[in-house]
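In: Test case, fold it:
(chains A and B, ligands or ions: 2)
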Amino acid sequence: MKTTVAPPQTEQPPAPAPAQGLSVGSFFRQDLGQIPVAAALIVMALYFNATTDNLFLSSRNLNFLTIQSCVVATVGLGAIMVLLLGEIDLSLAVVANLCGAVMCLLSVNAHFPWWLAILSGLFAGLVVGVINGIVVALLRVPSFIVTLAASLGYQGLLLHILYPNTTLIITDPNLKGIAASYLPDYLGIGLPVLAVAVYAGYIIFTRVQRQRMGLSVPPIWQTALSIGLPVLLVGLVLWQFENYLGVPLMVALVVGLIALFWVILRFTTFGRHIYAIGGNAEASRRAGINVNYLRIVVFGLASMLAAAAGIFQSSRSADADAAVSPTLLLQAIAAAVIGGVSLFGGRGSAWAVVMGTLIIAGLENGLDLKSGGTDTKFMVEGVVLILAVIIDALIRRRSTAAGR
Amino acid sequence: MEPILQLHGINKTFGAVQALRNVDFEVYPHEVVGLVGDNGAGKSTLIKIIAGVYTPDSGDYLVDNKKVSVTRPQDATNLGIETVYQDLALCDNLDVVSNLFLGREETAGRTPFLNSSDMERRTLDVLRQLDVKIRSVHVPVSALSGGQRQSIAVAKTILRNARIVILDEPTAALGVAQTRQVLNLIKRLRDQGLGVVVISHNLADVFEVVDRVIVMRLGRRVASFDIKSTTTEQVVAAITGAEFGETLNGSSGLNAPVGSVPATTTSDQSGNGNNQA
Ligand SMILES: Nc1ncnc2c1ncn2[C@@H]1O[C@H](COP(=O)(O)OP(=O)(O)O)[C@@H](O)[C@H]1O
Ligand SMILES: [Mg+2]
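Out: Ligands and ions are numbered 1, 2, ... in the order given. Below you'll find the predicted structure:
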C-alpha cells in the first residue's frame, strides 16, 4: 500500500515533462492493445504463411479470414463495452442467435421487408440487453450470474420461437447479400480514404489548436507517424482486398461499427464515463454520473451489437439456427482480452477487438490450412487465452502497486 | 473578519449513541482549522454534517451569517464547501485531466464531444495555481505518488470553486516528503483565501500547518486553541481530558473547565480563537 513510484527522499517531484496528446505511444497503448500482441500476430502470420506454401497470406485467404472474423469481432465489440464497465455478459452468443432468429422469422413468416426485419432484430437485442442491465444495475445482482441465467432463458426462448423446427432457411436476397456482397470500388476505396482523411485532419487540427493555446505538442515525427501508420495499414489492407474481389460489405460494416464505438468511447462524455465507472464506480457516482443508467445503456448496446453479429451469422449461413456456437462467446471475450481490454474494467480500446479477433481467427484459419484438427485448435486457443488473461492480471497488479 | 461557515448547537444521535452534543464550529477565510480528537470523538460525524452526508437532529448551519439548509452533499458543494475523503475518490485508470473534470466535462459547444484542449489548459492553470508538480497530466493517476494523488483530489475541489476545503486525514498514508507536499498545498489554499479544515491524528502536522485547533472529546467540542500560543501538551491534555481530571463519562459542564485552562486557551464561549479576526 505504501509503495511509491518516486523515491521519497527527493523533496520535489521531477519537473513537468511535455505532455502528449494523441501520441504514437498512447495510440498503441490505448487503441491497438499491447505491441507484443502486434508482434505475436506478425510472427503467427509469417509462420503459417511459411508452412502453407504462402497460402495463408494470399489475398484469397485473407479475404476469407476477414469474413470469418466478422461475427466474433462484433460480439467481441459488445463484450468490450461491458468489460470496460467492469462487468461481464455471458449471454451475448445466445442473444446473437436469438436476434438472428427474430430477423429470419419476421422475414420468412411475417414477410417483413429486409430492412425492417434487420431493425427488428437489432431492437430485440436492445430489449434483452436492457433487461439484463436493469437486473444488474438496479437489483445489484452480479452480472456474471445474471447473464448466465439469461443465456439459459434466451436459449429456451430461441428454441420456442423456432419450434417445431431447429433451423429456418431465409430466402430474401438482401439479407443473404450482407455476407455475400462486395462494395463497389468507389465505396470500397472511397470510404476508407475519406475516414483516414478525416482522422488525419483531426490530428493536424488538434496539433495546431494545442500550439495556439500554448499546450505542449508531441514532436513532429510522432504526429507524422500517428498519421502515417494508419495510412499505411489501411493502404495495405485495401490493396489485399482489391487483389481479390474487393472490400466485403460485412467487413466494411464491422470496421465501421468498431470505428463508431471507438469514437464514442474515446471522444465523448458518455465514453469517458464508461471508463470512469470501470475505474471507480463509487467515485463516478459521487461525481454526479448516473452510474445505473449508464450500466443499463451499455448492456443494451452490447446486446444490440450481439444482435448485429447474429444478423451477420444468419446472413452467412442463410438460416437461423437454434444451436448456438459453443465457442463464439469465449472467442469474443478472448478477442477482447487478447487485444488488451482488462477483465477488471476501465482499460482497453474498441480497436482491441481487431487484434484479438485476427489472432483467434488466424489461429483457426491457419490450423485449418495445415489440416490441424479441432483438438489442436481448442488446445492452442485455450493456451493463448490463458496467456492473455495472465498478462492482464500482471498489468493490473503493476498499476495498482504503483502510487498510494 | 466574518466566518464563512458557522455551526451552532449541533446534536446528532445514532440510535442510543449521541455522536455530537451541542457542538459549535466555525471556519474563517484565510484560515486552516485543525480538528482533533480521539477515536469516536465525533470528528467524522461533524464533517459529514458539514458535507451534507448526515443531517443533524438539531442545530443551525450558517454560511456568510445566513441560515442555510444542507441536507444533501450537493447542497454543500453548491455552497462551495467541498470534502476530500480519505479514499480520494479518484479513478485510477483515468489521467489527471479526466479526473479533475469527472462528471463536469467540457464539451465542444452543444455536441457530446469532449473539449480536451480546453480541459487540459484549465488543468494546467489549476495545478500551477496550487504549485502542484506532475510529470504529465496524461498519465493515469495510478502512476502518481500518494502526495500527488492527494493534490489532484484537492485541485478537483478548486476547479469547482470551493470556498472551504475539508480534508480527512490527508497525510495518514504518506511518507515524509509526500506529507510535506500536502502541507505546502494546504498553506497555499489558505494563501488563496480559502478556509481549510484538516482532520488529523498527527499533532506535528497540525502544529505545522493550522492556525487554530478545535478539540473534540466524546461528542463535544472541548477546546479551541490559537496555535501560536499553545503547546502540544495542552492539546493532548484536551484530547484525553487528563488535565481536567474528570471521568470519561462526565457529561456536565465539559465546556466550563476549558475556559479555566491557562490564558493560551480560548474557550468556546468566547469563540474567537481566530487570530485573523
Ligand atoms: N453511521 C453511524 N451509525 C452508528 N453510530 C455511529 C455512526 N457514525 C458514528 N457513530 C458513532 O458516533 C461516535 C462518533 O464517531 P465518529 O464521528 O466516527 O468519531 P471520530 O471520527 O472522531 O473517530 C462513535 O461512538 C461512533 O460509534
Ligand atoms: Mg473518523
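In: Verify the stated contact: B:Leu194 with B:Leu167.
Out: No. B:Leu194 is beyond contact range of B:Leu167, at 11.4 Å (criterion: CB atoms under 8 Å). (Each C-beta comes from the backbone N, C-alpha and C, glycine too.)
In: And the two? Which one has more around it.
Out: Between B:Leu194 and B:Leu167, counted using other CB atoms under 10 Å in any protein chain shown, B:Leu167 has the larger neighbour count: 27 against 23.
In: how close does that one sit to ligand 1?
Out: 14 Å (CB to the nearest ligand atom, to the nearest Å).
In: what's in contact with the one helix or strand that residue maps to?
Out: Element membership for B:Leu167 (DSSP states H and E) is strand B:164-168. Contact with strand B:164-168 is made by B:4-5, B:27, B:44, B:47, B:50-51, B:80-86, B:154, B:157-158, B:186, B:189, B:194-199, as judged by CB atoms under 8 Å, 6 or more residues apart in numbering or on different chains.
In: tell me which parts of the stretch 1-150 of chain B are close to chain A?
Out: Proximity of the stretch 1-150 of chain B to chain A, by CB under 8 Å from any CB of the partner chain, involves residues B:73, B:87, B:89-94, B:98, B:102-105, B:107, B:112-114, B:116-118, B:120-121, B:124, B:133-138, B:140-146, B:148-149.
In: Let me see the contact set for the nearest residue to B:Tyr61 once chain neighbours are set aside.
Out: Nearest non-adjacent residue to B:Tyr61, counting by CB to CB, 6 or more residues apart in numbering or on different chains: B:Val70, 5.3 Å away. Counting by CB under 8 Å, 6+ apart, B:Val70 makes contact with B:50, B:52, B:55, B:61, B:76, B:79.
In: Make a PyMOL selection of the buried ones in the residues you listed.
Out: Command for PyMOL that selects the buried part of the contacts of B:Val70, burial taken from 16 or more other CB atoms under 10 Å in any protein chain shown:
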select buried, chain B and resi 50+52+61+76+79
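In: average pLDDT across the helix or strand just after the strand holding B:Leu167?
Out: Counting by DSSP H and E, the element after strand B:164-168 in chain order, helix or strand, is helix B:176-191. Taken as a whole, helix B:176-191 carries a mean pLDDT of 93.
In: Stretch B:31-43 now?
Out: According to the model, stretch B:31-43 has a mean pLDDT of 94.
In: Show me which residues of that stretch are buried.
Out: Neighbour-count burial for stretch B:31-43 [16+ other CB under 10 Å]: B:31-38, B:41-43.
In: hang on, the earlier thing: got phi/psi on the residue nearest to B:Tyr61?
Out: phi -120, psi 100 (degrees, to the nearest 10).
In: Please report the distance of it from B:Gln18.
Out: Distance from B:Val70 to B:Gln18, counting by CB to CB, to the nearest Å: 21 Å.
In: What of A:Met379?
Out: 66 Å.
In: Show me which of the two is the more surrounded one.
Out: Neighbours were counted for A:Met379 and for B:Gln18 using other CB under 10 Å; B:Gln18 has more, 17 against 12.
In: Now the two most distant members of the contacts of B:Val70.
Out: Comparing every pair within the contacts of B:Val70 by CB to CB identifies B:Thr55 and B:Leu79 as the most remote, at 14.7 Å.
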